[in-house]
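Model the structure of this input:
(one chain, ligands or ions: 3)
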Amino acid sequence: MMQTYWQKGLANRRAVFELYFREMPFGNGYAIFAGLERVIQYVEQLKFSDADIAYLKQTGQFDDGFLDYLRNFQFEGAINSAVEGELVFNNEPMMQVDAPLIVGQLLETALLNIVNYQTLIATKAARIKSVVGDDPVLEFGTRRAQEMDAAVWGTRAAYIGGFDATSNVRAGKLFGIPISGTHAHALVQAYMNDYDAFKAYAQTHRDCVFLVDTFDTLKSGVPNAIRVAKEMGDQINFQGVRIDSGDMAYISKRVREMLDEAGFPNAKIYASNDLDEKTIMNLKMQKAKIDVWGVGTKLITAYDQPALGAVYKLVSFEDANGQMVDTIKVSSNAVKVSTPGKKQVWRITDKADGKSEGDYITLLDEDPRQEKDLYMFNPDYTYINKTVVNFEARPVLQPIYAQGKLVYKVPTLTEIRESSKQHLDRLWDEYKRDLNPQIYPVDLSQACYDNKMTILHRVRNYVNQLKF
Ligand SMILES: Nc1ncnc2c1ncn2[C@@H]1O[C@H](COP(=O)(O)OP(=O)(O)OP(=O)(O)O)[C@@H](O)[C@H]1O
Ligand SMILES: O=P(O)(O)OC[C@H]1O[C@H](OP(=O)(O)OP(=O)(O)O)[C@H](O)[C@@H]1O
Ligand SMILES: O=C(O)c1cccnc1
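Ligands and ions are numbered 1, 2, ... in the order given. Now for the predicted structure:
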């Protein structure tokens, strides 16, 4: 496509692409945006090396002039985006690229790859965090992640979504995420008994969590953990035990009794084993005595919904006369009809209680902050509407790149994680429940809606007059 644009003189025409997803992941009421930091890393290193050019040349598909153009390629144009930790919803732009067509086109796959995955994992993490409440929840997923990159960036996304620490030390090093972990069954198997294994571990560590289910949790694992904790006394910080199999409600209650009776009421019970928000909620309902949750596979692979399904659509394009013309992608499936025009997403909150009223999508020349009353209507069911007064409107898309230069000060990961919590506080609980949440309003302004209808009719008329 880049070669076509380049050879046919379209390469430098201005094009606006927007990235959005169509359905809320996991049936959740909100999603947490993540991926911007890696998008920035990608854009900063975006160039074609001599080896890249040589590879493209030997395919025999590319013109020498075009390859010369690629040799000097660099990002130019603008990127506006939701920032990491921001809440985002279906059918609203999360990211917008306003650049020469050839540049915007090149970015499509990388941006989708990054944002699709990281937003999905941050959202899954937030769902899990919403059921663990204030209990610590640890990311244990690396062994099951779809390869190494997914493990570290997925861990970062999980941290944004509310996880507290990770067993992935590389993610700790790269991003400053707290690291935390216990030990595996292999240690106990290597010593062939719990006592020797725990003792050896205790002699070589200060912080100790013993994995107690290798042979028999209640008959061997826990009694031996207690024995070692008593023998080592102040020489170790006995943090607790981990259970990784069996009926975790029943076992955790018995383990709690044993630890308390032995004089370790502060020792924590860690649990892991294919946990997710459903099993955790269920275990809590059963009053399982679990203090710390280790979650791996089901988080890092987004087990119940492995793709977010975000798309990247051309919404406005410069014509041969230098005028911007809004564009549409039509489909018989209503949700697949794109919304034309370069847009802004405004988060509308009630000034009185600070809670979100909904999102309001406008064309760029509109500013709802100038309005006293805001008429908001559902673009699919226009009879569902409301007029909002005494509101604040905050633009969700922020300038990240302008004229090819990074203009955004990247926050720390701690700031991002904190901002995500604050955004969630401003959302009504009805949108946050994990089963059948209320649908958060994502509305189009009248001008944006009318523009869509006009362009839709124009395209229909064009198709209807075709004769073959
Ligand atoms: N009381 C409980 N209520 C609901 N789910 C539970 C309860 N206890 C354990 N689970 C979950 O049920 C599933 C049990 O899995 P499974 O039977 O494969 O584990 P296991 O046989 O105990 O251990 P292993 O991992 O060694 O196979 C896990 O997802 C676990 O988290
Ligand atoms: O269950 P997850 O949420 O993915 O959490 C990580 C799991 O990985 C480890 O198990 P391991 O790889 O040894 O497998 P097993 O316990 O299923 O035998 C650990 O003991 C956890 O059970
Ligand atoms: O530290 C742990 O206990 C751990 C880490 C990763 C996966 N499973 C367990």
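
Spell out which residues of the stretch 1-150 of the chain are next to ligand 3.
Residues of the stretch 1-150 of the chain lying close to ligand 3 (C-beta under 6 Å from any ligand atom) are 140, 143. Placement of C-beta: from N, CA and C, glycine included.

Can you report how many residues neighbour the closest residue to ligand 1 within the stretch 1-150 of the chain?
Residue nearest to ligand 1 within the stretch 1-150 of the chain (C-beta to the nearest ligand atom): residue 140, separated by 12.4 Å. Per other C-beta atoms under 10 Å, the neighbour tally for residue 140 reads 25.

Surely it touches residue 294?
Yes - counting by C-beta atoms under 8 Å, residue 140 touches residue 294, with 4.3 Å between them.

phi, psi of the closest residue to the residue of the stretch 1-150 of the chain closest to ligand 1 other than its chain neighbours?
Sequence neighbours aside, residue 296 is the residue nearest to residue 140 in space, at 3.7 Å (criterion: C-beta to C-beta, 6 or more residues apart in numbering). The phi and psi values for residue 296, taken as degrees, to the nearest 10, are phi -120, psi -100.

ok, how many other residues are close to residue 296?
Here the count is done by other C-beta under 10 Å, and residue 296 has 21 residues near it.

mind listing what it touches?
Going by C-beta atoms under 8 Å, 6 or more residues apart in numbering, residue 296 touches 139-144, 272.

how about the residues of the stretch 101-250 of the chain that lie near ligand 2?
140, 143-144, 184, 244.

List just the nearest of those residues to ligand 3.
Within these, the smallest distance to ligand 3 is 3.7 Å, found for residue 140 (C-beta to the nearest ligand atom).

Next up, the contacts around that closest one.
Counting by C-beta under 8 Å, 6+ apart, residue 140 has contacts 166-167, 181, 272, 294-296.

cool, residue 182 as well?
Going by C-beta under 8 Å, 6+ apart, residue 182 touches 209-211, 242, 270, 294.

mind checking how far it is from residue 227?
From residue 182 over to residue 227 the distance is 18 Å, taken as C-beta to C-beta, to the nearest Å.

Contact partners for the residue nearest to the spatial centre of the chain?
Residue closest to the mean C-alpha point of the chain, counted by C-alpha atoms, centre = their mean, is residue 119 at 1.8 Å. Residues in contact with residue 119, defined by C-beta under 8 Å, 6+ apart, are 21, 25, 31-35, 88, 94, 157, 308, 310.

Quick check: buried residues in the longest helix belonging to the chain?
Across the chain, the longest stretch assigned as helix under DSSP state H is helix 101-132. For helix 101-132, a neighbour-count test (16 or more other C-beta atoms under 10 Å) marks 101-108, 111-112, 114-132 as buried.

Could you say which helix or strand holds the nearest residue to residue 231 once chain neighbours are set aside?
In space, and not counting its chain neighbours, residue 231 is closest to residue 199: 7.4 Å by C-beta to C-beta, 6+ apart. Using DSSP states H and E, residue 199 sits within helix 194-204.

Toward the C-terminus, what is the element adjacent to that helix?
Assignment by DSSP H and E places the next element after helix 194-204 at strand 207-211.

From the contact counts, what lies against the helix or strand just after that following strand?
Later in the chain than strand 207-211, the nearest helix or strand by DSSP H and E is helix 222-232. Secondary-structure packing of helix 222-232 (3 or more C-beta pairs under 8 Å, 6 or more residues apart in numbering; DSSP states H and E): helix 194-204, strand 207-211, strand 237-243, helix 248-261.

neighbours of the nearest residue to residue 171 once chain neighbours are set aside, just the number please.
Nearest non-adjacent residue to residue 171, counting by C-beta to C-beta, 6+ apart: residue 155, 3.9 Å away. Here the number of neighbours of residue 155 (other C-beta under 10 Å) works out to 30.

did I read that right, residue 155 in a strand?
No - under DSSP: H, G, I helix; E, B strand; the rest coil, residue 155 sits outside any strand and is assigned helix.

Quick check: it touching residue 166?
Yes - if you go by C-beta under 8 Å, residue 155 and residue 166 touch, sitting 4.7 Å apart.

any residues in contact with both of those two?
With C-beta under 8 Å, 6+ apart, residue 155 and residue 166 have common neighbours 139, 177.
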